[in-house]
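Trainee: missing the sequence, but the structure's below:
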């Protein structure tokens with residue numbers, strides 16, 4: 001499992017940068033065998049993440065790369081998250097866009113951490129959301 005560097009260049013202290021630094025610090029002591037995340041290059045607003053395929057699923061043994069883009073009005077609006085690794089899943093479009101209520105503006109909770117978000121997406125691989133309206137790929 002790859003773990004990303006959590007170093008970012010010094011920058012002005014905007015509210016968004018405060019949240020980004022806080023989430024990076026929260027990830028460091030809680031390294032997980034299920035997911036990892038960190039700043040992509042040196043852009044604090046764009047992160048790279050991985051999720052390991054859960055045992056007992058068709059995704060077992062796979063490492064799936066994701067990209068997380070934090071909008072300027074984060075944490076009031078959810079980040080945009082998509083799979084960069086092709087994956088066949090009922091809640092992921094052919095372009096890697098993810099349908100998960102947690103990532104929708106109407107149901108986003110500002111208290112959701114990046115770690116919680118990645119854990120929820122890993123759980124989605126175990127338990128796809130298949131209620132009416134949840135499926136983006138049949």
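Mentor: Structure's in. What do you need? All values derive from a computational prediction rather than experimental measurement. Numbers count the residues shown, from 1 in each chain.
Trainee: For the helix or strand of the chain with the lowest mean pLDDT, buried residues please.
Mentor: Lowest on mean pLDDT, DSSP states H and E among the helices and strands of the chain sits helix 15-27, with a mean of 79. Neighbour counts over helix 15-27 (16 or more other CB atoms under 10 Å) mark 16, 17, 19, 20, 21, 23, 24, 27 as buried. The way it works is simple: take the backbone N, C-alpha and C, and place the C-beta from them, glycine included.
Trainee: can I get those residues in a markdown table with distance to residue 81?
Mentor: What follows is the buried residues of helix 15-27, written out as a markdown table (distance: CB to CB, whole Å):
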| residue | distance to residue 81 |
| --- | --- |
| 16 | 16 |
| 17 | 19 |
| 19 | 16 |
| 20 | 15 |
| 21 | 19 |
| 23 | 13 |
| 24 | 16 |
| 27 | 15 |
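Trainee: ok, back up a step: by contact count, what packs against the least confident helix or strand of the chain?
Mentor: Here helix 15-27 touches strand 35-40, strand 43-52, helix 114-126, going by 3 or more CB pairs under 8 Å, 6 or more residues apart in numbering; DSSP states H and E.
Trainee: which one of the ones you listed lies closest to residue 91?
Mentor: Nearest to residue 91, of all those, is helix 114-126, at 5.8 Å by CB to CB.
Trainee: what's the closest one packed up against?
Mentor: helix 15-27, strand 35-40, strand 43-52, strand 63-69.
Trainee: One more pass at 6 Å, please.
Mentor: In terms of contacts (3 or more CB pairs under 6 Å, 6 or more residues apart in numbering; DSSP states H and E), helix 114-126 is packed against strand 35-40, strand 43-52.
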